[in-house]
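Trainee: I would like to see how this sequence folds:
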Amino acid sequence: MATVLSLASLPDPGFTEVPCVVEGEAESVIVHRTGGSVHAWLNVCPHAGRRLDWAPGQFLLSQAGELVCAVHGASFRLDDGFSTAGPCAGSSLRAVPVTIAGDEVHVGE
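Mentor: Prediction:
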């Protein structure tokens with residue numbers, strides 16, 4: 001079952017972390033909103049499998065405006081989750097499906 005958020009509850013621009021079911025597993029998911037776009041990824045760095053947040057639901061941005069892994073400093077683009085720098089450069093965060101219906105944002109399955 002998808003996690004449902006209201007669009008109004010998502011900071012714009014900004015991040016939130018939600019518990020979600022992805023492929024039958026309970027996961028921590030990062031949800032990012034900017035304007036009319038909402039993206040979601042597993043809260044897992046592809047480098048070492050650690051969470052990206054420095055504290056629960058608190059995320060770092062680089063000066064270039066990219067999401068930064070709090071553990072090893074990898075940087076990820078906000079439009080597609082691609083890593084542009086750090087120990088996992090060239091890899092990507094694992095995307096989670098997002099659907100927007102009116103003011104409802106459905107994240108996950």
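Trainee: and the helix or strand containing His32, what does it pack onto?
Mentor: Here His32 is covered by strand 25-34, with elements defined by DSSP states H and E. Where contact means 3 or more C-beta pairs under 8 Å, 6 or more residues apart in numbering; DSSP states H and E, strand 25-34 is packed against strand 14-22, strand 37-42, strand 104-107. In this view, the C-beta of every residue, glycine as well, is placed from N, C-alpha and C.
Trainee: what about the residue nearest to Val71 when sequence neighbours are not counted, distance to Cys88?
Mentor: Leaving aside its sequence neighbours, Val71 sits nearest to Arg50 (C-beta to C-beta, 6 or more residues apart in numbering; 4.7 Å). Arg50 is 11 Å from Cys88, where distance means C-beta to C-beta, to the nearest Å.
Trainee: Which one's more surrounded, the two?
Mentor: More crowded of Arg50 and Cys88, by other C-beta atoms under 10 Å: Cys88, with 18 against 13.
Trainee: List the contacts of the more buried one.
Mentor: Cys45, Pro46, His47, Ala74 (C-beta atoms under 8 Å, 6 or more residues apart in numbering).
Trainee: Let's have those in TSV, adding distance to Trp54 and neighbour count.
Mentor: Below are those laid out as TSV (distance: C-beta to C-beta, whole Å; neighbours: other C-beta atoms under 10 Å):
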residue	distance to Trp54	neighbour count
Cys45	12	25
Pro46	18	18
His47	15	17
Ala74	13	24
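Trainee: of all those residues, which two lie farthest apart?
Mentor: The most widely separated members of these, counting by C-beta to C-beta, are Pro46 and Ala74 (7.9 Å).
Trainee: Now for the two: what residues contact both?
Mentor: Ser83, Cys88.
Trainee: Look at Arg51 and say how many residues are nearby.
Mentor: The burial count for Arg51: 18, using other C-beta under 10 Å.
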